[in-house]
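Trainee: Quick one, what's the 3D model for this:
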Amino acid sequence: MNIGIAIHGGAGTILKEDLTNDLEIKYKNSLKDALLKGREVLQKSGSAVEAVSCAVVELENNPLFNAGKGSVFNHIGKHEMDASIMSGKNLNAGAVCCLDQFKNPILVAKHVMENSEHVILTGNGAIQFAKEMKCEKADETYFFDQFRYDQWLSIKDSDQFQLDHSKTNPKKFGTVGAVALDMEGNLAAATSTGGMTNKKYGRIGDSSVIGAGNYANNNTCAVSCTGSGEFFLRQVTAYDVSCLMEMGQLDLKTATSKVIYDRIKKIGGDGGLIAIDNKGNIAMPFNTDGMYRASWSKNGTSLVAIY
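Mentor: Predicted coordinates:
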C-alpha cells in the first residue's frame with residue numbers, strides 16, 4: 001500500500017518579498033515537523049485518522065498558523081475555533097464550532113466522532129462535551145498573540161472582517177489541515193481554524209462543515225480546504241472533488257484542478273486544498289499566490305513549499 005500524507009497551513013497572498021529568510025525557514029520547519037508527526041504514525045502502521053489528528057495538533061500548537069494557539073480574535077476580542085475530522089473507512093465524522101477554552105479543537109472533534117452519537121457540536125455544548133472528555137484546557141493568555149491583537153485593534157470598531165489570505169494582510173496565517181492514506185487503505189481528513197479576524201460572534205466557516213471544508217471517502221479521496229470559507233461552503237468544495245471522481249470518473253489531479261481553478265473562481269472565491277486518493281496520489285492546487293503545504297508518500301516523494 002502506497003501510504004502518504006499531505007498537510008497545509010493556509011493559502012493566500014503569500015509573496016516571497018513579504019517573508020524574511022528567517023520567517024520562511026520557520027514556516028518550512030514547522031511544516032516539516034507536522035508532516036513528520038503524521039508520517040511516523042503511518043510508518044508504524046497507525047491509522048489515517050490518528051495520523052491526520054497528530055499532524056493537525058502539531059500545527060494547532062504553533063502560533064504561526066491560524067488554528068489553536070495561533071487563532072485570530074473575533075469581533076468581541078475572543079477566540080472561537082472550528083475543527084472537523086472524518087474517516088473515509090466508514091464515513092464517521094466529528095466537528096466542533098465556536099469552541100474556546102481548549103488547546104486542541106481537532107481532538108475535541110475527534111472525540112465527537114468517536115465518543116458521541118453526533119457529528120457537530122457548537123458553542124456551550126461543544127465546551128461542555130470537551131470538559132466531559134477531559135480535553136486539555138487553556139486560558140486566554142495561551143491564545144494571546146500581539147500581532148493578532150494589533151490586527152484586530154485596527155478594524156475592531158468597524159464592520160470589516162479580515163481573511164487571513166486577504167490582500168490587506170501581508171502576513172498570512174491560515175486554516176490548517178491534513179489528509180492521509182494508511183496501510184489498511186483507509187483515508188482520513190482533518191481541518192482546524194481560528195476563523196477570520198473581527199468575525200461576528202457565532203460565525204461558522206467551511207472548516208467544521210463536513211463536505212465543504214473537509215471530507216474523506218475510501219472510494220475516492222480525502223480533502224482539506226483553505227480559503228474564503230463562505231465560497232467553499234456554497235460550492236460544497238471538499239465533497240465536490242469526491243463527487244467528480246466517483247460520478248464523473250475524473251482522476252484526483254483533474255478533479256481538484258477543476259474545483260479550485262474553475263468552480264471556486266467562478267463564484268469569486270480563492271484558496272486551495274490538499275487531497276490524497278485511495279492509491280496514494282496527492283494533489284495540492286491553489287489559485288492564490290501561495291499555500292503553506294507539505295507532503296510525503298511511501299514511494300519516496302516529498303515536498304515542503306510555500307509559493
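Trainee: all contacts plus neighbour counts: C-alpha atoms, from now on.
Mentor: Fine.
Trainee: quick one: G268 from G280, how far?
Mentor: Applying C-alpha to C-alpha, to the nearest Å, the value for G268 to G280 is 31 Å.
Trainee: same thing with E80?
Mentor: As judged by C-alpha to C-alpha, E80 and G280 stand 34 Å apart.
Trainee: Comparing those two, which shows the higher neighbour count?
Mentor: More crowded of E80 and G280, by other C-alpha atoms under 10 Å: E80, with 27 against 23.
Trainee: what's the next secondary structure element after the least confident helix or strand in the chain by mean pLDDT?
Mentor: Ranked by mean pLDDT, DSSP states H and E, the weakest helix or strand in the chain is helix 146-153, scoring a mean of 69. The first helix or strand that comes after helix 146-153 along the chain, using DSSP states H and E, is strand 176-181.
Trainee: What strands line up against that next one, and which way round?
Mentor: Strand partners for strand 176-181, identified by DSSP bridges, are recorded as strand 4-12 (antiparallel), strand 187-193 (antiparallel).
Trainee: which regions of the protein lie under the pLDDT threshold?
Mentor: The chain contains residues with pLDDT under 70 at 75-77, 149, 152-173, 197-200.
Trainee: Could I get the full set of strands for it?
Mentor: 4-12, 81-87, 93-99, 120-122, 176-181, 187-193, 214-216, 221-227, 271-277, 282-283, 290-297, 302-305 (DSSP state E).
Trainee: could you dump the ones you listed to a markdown table with mean neighbour count and distance to S47?
Mentor: Shown next, in a markdown table, are the strands of the chain (neighbours: other C-alpha atoms under 10 Å; distance: least, C-alpha to C-alpha, whole Å):
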| stretch | mean neighbour count | distance to S47 |
| --- | --- | --- |
| strand 4-12 | 32 | 11 |
| strand 81-87 | 33 | 10 |
| strand 93-99 | 29 | 15 |
| strand 120-122 | 21 | 22 |
| strand 176-181 | 36 | 8 |
| strand 187-193 | 37 | 9 |
| strand 214-216 | 35 | 14 |
| strand 221-227 | 33 | 14 |
| strand 271-277 | 29 | 15 |
| strand 282-283 | 22 | 18 |
| strand 290-297 | 25 | 15 |
| strand 302-305 | 16 | 20 |
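Trainee: quick one, which of the ones you listed is nearest to K28?
Mentor: When the strands of the chain are compared by C-alpha to C-alpha, strand 302-305 sits nearest K28, at 6.5 Å.
Trainee: Please compute how far the closest one lies from its chain's middle.
Mentor: Taking C-alpha atoms, centre = their mean, to the nearest Å, the mean C-alpha location of strand 302-305 is offset from the chain mean by 17 Å.
Trainee: May I have that strand as PDB, with CA atoms only?
Mentor: Only the C-alpha atoms of strand 302-305 are listed here, as PDB (Å, rounded to 0.1, in the frame of the first residue of the first chain):
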ATOM      1  CA  SER A 302       8.300  14.600  -0.500                       C
ATOM      2  CA  LEU A 303       7.700  18.300  -0.800                       C
ATOM      3  CA  VAL A 304       7.700  21.300   1.500                       C
ATOM      4  CA  ALA A 305       6.700  24.500  -0.300                       C
END
